[in-house]
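Chemist: Structural data only, the sequence is not supplied:
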């Protein structure tokens, strides 16, 4: 049974920014930065990292996995260790400017008594020869050579850039992206082309300007609909100049005049394949609700079939105590109410004025939540 939100907060020693700056070596600092980003974003970042390290079997235990830094293990000290309760899942050795050290990796395997895989994270787009040498030496010593694995900083960088835009803006992820770039580790990982990708891309590029322009007209129509119904709403909406390079999304923010702490966002997201309408505000504002007010709020959320998210894209499970989540959240952490229209949703393909009205009414509904928040 998964631990509650409170149990996780009280029972684990989480990685903090202090763990980054307590190290003098740059590679140790970058390791701590990576582990901080992974621990703070277990789904999807830890999940993706497990896949890179061939540990997909633990993907259902994300909330229970914890991380330790520079923990002594027998005859060696890995840069980081992933643990599930008391079970060691993975030793991590990170390299920045130096090459992978085959003897060091073998020492980590011996420290884990041949039961704990070791992943080396280093630069480059091809597996270093030292990884192959270490694997061959392992085999001669009677260990499974697959215990030593390799992940490139390029691969991690590519995964970070594939995260939703809102996640990339989180301070621990934005900081990690910046550090990888500044250390010249950010070359995107080359992968094999697929024939259908190259054969179809020409047609897509030709169609894109028309699709983008029509999507922008939809967003602009919704903007006018909302302003007609609620003239005191302020809108931040700028049409990008040109469409080269291809724009991944169109974003518009709505809020009531003078209420800078809240907004309703409409995001036409081509990459994730949906239109997302979301109201957001800091947790400290929601903590003002009394028990009765919170019950009314949750009842309205349920009635309108909205998703309650800790951040955009991370839905709070239905069985979780939402008032407890809000209570335990950091004061400045934003919480969202969202509605998604995926690109396979038939409601997107009705008559234009109907979809404009639908989106406009959804935004007005989400704006109404702002009016229900008690004043300080």
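Modeler: Done, it's in. Please read these numbers as outputs of a predicted model, since none were measured by experiment.
Chemist: Can you give me the buried ones in stretch 275-287?
Modeler: For stretch 275-287, the neighbour count (16 or more other Cβ atoms under 10 Å) marks 275-283, 285-286 as buried. All C-beta spots, glycine's among them, are computed from the backbone N, C-alpha and C.
Chemist: Just the element for residue 219, please.
Modeler: Assigned by DSSP states H and E, residue 219 belongs to helix 195-229.
Chemist: ok, now residue 81?
Modeler: Using DSSP H and E, residue 81 falls in strand 80-84.
Chemist: what lines up beside whatever helix or strand comes next after that strand in the sheet?
Modeler: Per DSSP H and E, the first helix or strand lying C-terminal to strand 80-84 is strand 87-94. Strand 87-94 sits in its sheet next to strand 80-84 (antiparallel), strand 118-122 (parallel), going by DSSP bridges.
Chemist: Buried ones in strand 87-94, by neighbour count?
Modeler: The neighbour-count check on strand 87-94 (16+ other Cβ under 10 Å) flags 88-94 as buried.
Chemist: can you tell me which of those residues lies nearest to residue 365?
Modeler: Minimum distance to residue 365 across the buried residues of strand 87-94 is 44.2 Å, recorded for residue 89 (Cβ to Cβ).
Chemist: wait, isn't the closest one in contact with residue 119?
Modeler: No. Using Cβ atoms under 8 Å, residue 89 is not in contact with residue 119; the gap is 10.5 Å.
Chemist: Distance of residue 246 relative to residue 201?
Modeler: 11 Å (Cβ to Cβ, to the nearest Å).
Chemist: go on, residue 103?
Modeler: Going from residue 103 to residue 201 by Cβ to Cβ gives 46 Å.
Chemist: before we move on, back to that, tell me which residues of the strand holding residue 81 come out buried.
Modeler: 80-82.
Chemist: Next: stretch 288-295.
Modeler: If you call a residue buried by 16+ other Cβ under 10 Å, then stretch 288-295 has these buried ones: 289, 294.
Chemist: do the same with stretch 111-125
Modeler: Residues of stretch 111-125 classed as buried by neighbour count (16+ other Cβ under 10 Å): 111-112, 116-124.
Chemist: now the end-to-end length of that stretch.
Modeler: One end of stretch 111-125 to the other measures 28 Å (Cα to Cα, to the nearest Å).
Chemist: got it, and stretch 136-156?
Modeler: 26 Å.
Chemist: got the contact list for stretch 135-154?
Modeler: With Cβ atoms under 8 Å, 6 or more residues apart in numbering as the test, stretch 135-154 has contacts from 52-54, 100, 102, 105-106, 109, 112, 114, 116-125, 127-128, 131, 134, 180, 183, 185-189.
Chemist: Pull the distance from it to the chain's centre.
Modeler: Centroid displacement of stretch 135-154 relative to its chain, using Cα atoms, centre = their mean, to the nearest Å, is 30 Å.
Chemist: buried set for that stretch?
Modeler: Residues of stretch 135-154 classed as buried by neighbour count (16+ other Cβ under 10 Å): 135, 137-138, 143, 147-154.
Chemist: Pick out whichever of these sits closest to residue 212.
Modeler: Looking at those and their distance to residue 212, the nearest is residue 154, at 29.9 Å (Cβ to Cβ).
Chemist: follow-up on the earlier one: using JSON lines, lay out the buried residues of strand 87-94 together with distance to residue 351 and pLDDT.
Modeler: JSON lines is the format used below for the buried residues of strand 87-94 (distance: Cβ to Cβ, whole Å; pLDDT from 0 to 100):
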{"residue": "88", "distance to residue 351": "59", "pLDDT": "95"}
{"residue": "89", "distance to residue 351": "53", "pLDDT": "96"}
{"residue": "90", "distance to residue 351": "54", "pLDDT": "96"}
{"residue": "91", "distance to residue 351": "59", "pLDDT": "96"}
{"residue": "92", "distance to residue 351": "55", "pLDDT": "96"}
{"residue": "93", "distance to residue 351": "59", "pLDDT": "95"}
{"residue": "94", "distance to residue 351": "55", "pLDDT": "94"}
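Chemist: And the helices in the stretch 151-300 of the chain, which stretches?
Modeler: For the stretch 151-300 of the chain, applying DSSP state H, counting those that start in this stretch gives helices covering 153-161, 165-168, 171-182, 195-229, 283-286, 291-303.
Chemist: Show me which positions of the longest one end up buried.
Modeler: When you say that, I think you mean helix 195-229. Within helix 195-229, the residues that count as buried by 16+ other Cβ under 10 Å are 212, 215-216, 218-219, 221-223, 225-226.
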